[in-house]
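J.: Dropping the sequence and predicted coords here.
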Amino acid sequence: MADFTFTDIPKQSPKTAIVTGANTGIGFEIARHLARVGAKVLLACRNEEKAQDAIDRIGAEYPMAKLDFLPLDLNDLDSIHAAAEQAKAEKRIDILVNNAGIMVPPLDHGIGGVESQFAVNHLGHFALTALLFEKLEEKGGRVVVQSSIAHKKGQIDIYNLDAYRGYEPWRFYQQSKLANLMFALELDRRLRAANSRVAAIACHPGVAASDLARHMKYGSAMQPVMKTVLNTSEQGALPALQAATDPAAESGDYYGPRGLMEARGNSSGRAFIAYQAREEQVAKRLWDKSEELTGVTFSV
């Protein structure tokens, strides 16, 4: 399969897309390119000032871009419900890109009292997707879930989601990214069983220079090296853009680069899925626990 490049992104007008974490890094590039090809893009972010700055930057480059700010804190269920209600007032929602995330922060807790990476990276997006599902169903939309090659080392420890039995930041990050991929694959199975028109497609950016590394020691200092050796944020956006727009993409697919152990390169087609991401019984338990912790259920 040939690499998917920026010139392969088809026109998206009159579609509407929501991109979480769209004010910076990979999320900004996803929003920028979707706007470039004609989609109306809602930048779903916590900070209005940063979101407006991103809107201004994209608008300066593409004056015809259709952009709006969607207030969203993925670690706050009230904010997630409010964002979903605001988004549902749109005429249509065709694409939901669950991109935002945090990586290896100091121990903190969020939704349902669980560790913050699991809360933000997985539970917040799980709840948002569930609340927007019927709106996505109207146009046969796409749910894009940003995972990571870090999922390969992940394990779901359903009995230590709060980290009270021990916290190791990388292990919890790996768990959250495994949860992302398992969510996308389980959602695909449920969509197929229900004959839904919605597609669930996962992706990963390789290893890209972005603000996600801000909690890492020397993370900021490493970014110039990462941009040279690995992927830029723009290049890291390609798998999500393929998942969101490629007419050949199918529900259940998982896209990413394949260069240097999947760490760099353009979106090169279907990426490697670790065996634990395919464990359907664990995925069902994760789904049930996610509904319990968020208080949100899917209509599929």
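T.: Perfect, thanks for sending it.

J.: Low-confidence stretches in the stretch 101-250 of the chain?
T.: Applying pLDDT under 70 to the stretch 101-250 of the chain picks out residues 210-229.

J.: where along it do the strands fall?
T.: For the stretch 101-250 of the chain, the strands defined by DSSP state E, counting those that start in this stretch occupy 142-146, 199-203.

J.: Give me the contacts around the first one.
T.: In other words, strand 142-146. 26, 94-99, 101, 125, 129, 136, 180-181, 183-184, 187, 198-205, 240, 243-244, 249 (CB atoms under 8 Å, 6 or more residues apart in numbering). Glycine gets a C-beta too; all of them are placed from N, C-alpha and C.

J.: at 6 Å what do you get?
T.: Contact partners of strand 142-146, identified using CB atoms under 6 Å, 6 or more residues apart in numbering, comprise 95-99, 129, 180, 184, 199-202, 240, 243-244.

J.: so which of these comes closest to residue 293?
T.: Nearest to residue 293 among the contacts of strand 142-146: residue 129, at 14.5 Å, using CB to CB.

J.: separation between the closest one and residue 10?
T.: According to CB to CB, to the nearest Å, residue 129 stands 24 Å off from residue 10.

J.: If you count surrounding residues, which of the two has more?
T.: Comparing residue 129 with residue 10 by other CB atoms under 10 Å, the one with more neighbours is residue 129, at 22 against 9.

J.: quick one: contacts for that one?
T.: So residue 129 contacts residue 143 (CB under 6 Å, 6+ apart).

J.: rerun that using 7 Å as the cut-off
T.: Counting by CB atoms under 7 Å, 6 or more residues apart in numbering, residue 129 touches 96, 98, 143.

J.: Ramachandran coordinates for the first one?
T.: Phi and psi for residue 96, reported as degrees, to the nearest 10, are phi -120, psi 110.

J.: Give me the number of neighbouring residues for it.
T.: The tally of other residues near residue 96 (other CB under 10 Å) stands at 29.

J.: Check whether it really touches residue 18, as I assumed.
T.: Yes. Using CB atoms under 7 Å, residue 96 is in contact with residue 18, at 5.0 Å.

J.: re earlier: wait, which of the strands of the stretch 101-250 of the chain is closest to residue 38?
T.: Of all these, it is strand 142-146 that lies closest to residue 38, at 15.9 Å by CB to CB.
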